[in-house]
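> need a 3D model of the following:
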Amino acid sequence: MRNFDLSPLYRSAIGFDRLFNALESGQSQGNGGYPPYNIELVDENHYRIAIAVAGFAEQELEITTQDNLLIVRGAHTHEPAERTYLYQGIAERNFERKFQLAEHIQIRGAKLENGLLYIDMQRVVPETLKPRRIEIK
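Predicted coordinates:
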């Protein structure tokens, strides 16, 4: 696995630093890094997770959120056929991948495209927490 310096992202992703810290410490790597994924910073308040789910149909994937936890599961519904492989480099096992989300991160949608599952997220800060201008009298 490549090591990335995520410190530049801390400046533009305030409140998302717990996810980056979890990734750096490997807490979300409980299943050996399968399936591989990317986390993209689209802009200041939008993020995207791309997970390589080749071989899974849309109905075999499940995305749930609970508290500040995003859980992505993939489970094959059919029984694997008996095959004799000369070489098997494509993993066909079920998986569960968990991501710790920061405060005020909302899931905006998901789509399956060319073997990649895209999950779009947005940081939505409530009006009461946004900075407001105080008029000086």
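> how about low-confidence regions in the protein?
1-32 (pLDDT under 70).
> for it, which segments count as helices?
7-12, 17-25 (DSSP state H).
> how far away is the residue most central in space within the chain from M121?
Centroid check for the chain by Cα atoms, centre = their mean gives I49 as the closest residue, at 4.1 Å. With distances taken as Cβ to Cβ, to the nearest Å, I49 is found 7 Å from M121. In short, each C-beta sits where N, CA and C put it, glycine included.
> state the number of residues packed around the closest residue in space to G115 that isn't next to it in sequence.
Distances taken as Cβ to Cβ, 6 or more residues apart in numbering put A54 closest to G115, at 3.9 Å, once the chain neighbours are dropped. One way to gauge burial is a neighbour count; for A54, by other Cβ atoms under 10 Å, it gives 11.
> just R48 next, same as before
Residue crowding around R48 was assessed by other Cβ under 10 Å; the count is 14.
> residues touching the closest residue to it other than its chain neighbours, list them.
The shortest distance from R48 to any non-neighbouring residue, by Cβ to Cβ, 6+ apart, is to E40 (4.4 Å). For E40, the set of contacting residues under the criterion of Cβ atoms under 8 Å, 6 or more residues apart in numbering consists of 47-50.
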